[in-house]
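Enquirer: Could you work out the structure for the sequence below:
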Amino acid sequence: MTDHGANDEREAMIAEGRGRALEPREADELALLADLLADPSTWAEPRAGLEDEIVDSIATAPTVRAPRVRTWRFAAAAAAVAAVAAISVGLVGTLASTNPEFDAKLSATALAPAARASAAITHNDAGFRVSLDAYGLPQLDAGEYYQAWLKNAKGISVPIGTFSSSDDRVALWSGVSPAAFPTITVTREKADNDQASSGLVVLAGNVRSR
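Expert: Coordinates of the predicted model:
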C-alpha cells in the first residue's frame, strides 16, 4: 500500500510549484504513479533470457491479449523509471537553485528610480545560471528590451541574456565567471542590429561570492 501521508506531501509540493491546487484527475494520476513506484515488481531485475522468452511468446501467441498485457506492464515500468528520473532532475535543480555560489543586489539608476533587483548565480557544466528577480522596471516601448551584462574591472561587458519585463523571475546564462566579471548591470536596448550596449543602465550592482 502507498503511504498516503507521503502522497499528500508530494501533491502539496507539486501544487505549490505550479501555483495552484491539483485537479482531481491529476491527484488520481499522482496516486496511481505512487502505487506503481511502490510496487517492488516494478523495480525487479529481470532474469536472464526473459527478453527472448517474451519475443517468442509474442510470435507464437494465438491471440494479442497476452502480448498487450505484457507490453502494458513493461510500458508502465518504463514510465515509472522516466518519472523517477524527471523527479530526481527536478530535485537536483531545486537544490542547486537554493544554494547559489554568488549573489548580488542591484540598485536603481535615475532611468528607473522605482526599480530594484537581486540575483542568485549557480555554476554547472553549462556555465553560470543567473536567476534575476527584478521589480519596478518601466514598461518598454515597441521594439525595446532589457539586456543583462557582467562586466570586469577593465570595463569589458559580456551579455548574459535579454528579457521584456520584471513581471516574473528571469533565467539568464553566462559563459564567464562572476568572479572575473563581478559587476552586473541591466540596460534598456532597442532592436536596431547594434549588439553593443546602449549605455542606458537601469539597474547595477556588485556580485559577491557566498
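Enquirer: Might you report the residue contacts of Leu203?
Expert: 106-109, 112, 115-117, 134, 137, 185-186 (C-beta atoms under 8 Å, 6 or more residues apart in numbering). C-beta coordinates here come from the backbone N, C-alpha and C atoms, glycine included.
Enquirer: next helix or strand past the lowest-mean-pLDDT helix or strand in the chain?
Expert: In the chain, no helix or strand scores lower on mean pLDDT, DSSP states H and E than helix 65-97, which sits at a mean of 51. Next helix or strand after helix 65-97 toward the C-terminus (DSSP states H and E): strand 102-108.
Enquirer: Pull up the pairing partners for that following strand, direction included.
Expert: Strand 102-108 has the following strand partners under DSSP bridges: strand 116-124 (antiparallel), strand 201-209 (antiparallel).
Enquirer: Can you check which of those gets nearest to Asn193?
Expert: Minimum separation from Asn193 across those (C-beta to C-beta) falls at strand 201-209, 20.9 Å.
Enquirer: Going by neighbour count, which residues in the closest one are buried?
Expert: 201-205, 207 (16 or more other C-beta atoms under 10 Å).
Enquirer: can you list these in a markdown table and add distance to Asn193 and pLDDT?
Expert: Shown next, in a markdown table, are the buried residues of strand 201-209 (distance: C-beta to C-beta, whole Å; pLDDT from 0 to 100):
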| residue | distance to Asn193 | pLDDT |
| --- | --- | --- |
| Val201 | 21 | 97 |
| Val202 | 22 | 97 |
| Leu203 | 24 | 97 |
| Ala204 | 25 | 97 |
| Gly205 | 29 | 97 |
| Val207 | 30 | 97 |
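Enquirer: domain ranges for the chain?
Expert: Domain assignment for the chain, taken from automatic domain parsing, gives 4-97, 102-209.
Enquirer: where does the protein dip in pLDDT?
Expert: 1-27, 30-31, 33-38, 40-51, 54-55, 58-98 (pLDDT under 70).
Enquirer: Quick one: closest of the strands paired with strand 102-108 to Gly175.
Expert: Comparing the strands paired with strand 102-108 by C-beta to C-beta, strand 116-124 comes nearest, at 11.5 Å.
Enquirer: Compute the inter-axis angle for the next helix or strand after the closest one and strand 102-108.
Expert: Sequence order places strand 127-135 as the next helix or strand after strand 116-124, per DSSP H and E. Put simply, strand 127-135 runs at 30 degrees to strand 102-108, going by axes from the mean of the first three to the mean of the last three C-alpha atoms, to 10 degrees.
Enquirer: who does strand 127-135 pair up with?
Expert: Each strand paired with strand 127-135, and its direction, by DSSP bridges: strand 116-124 (antiparallel), strand 170-174 (antiparallel).
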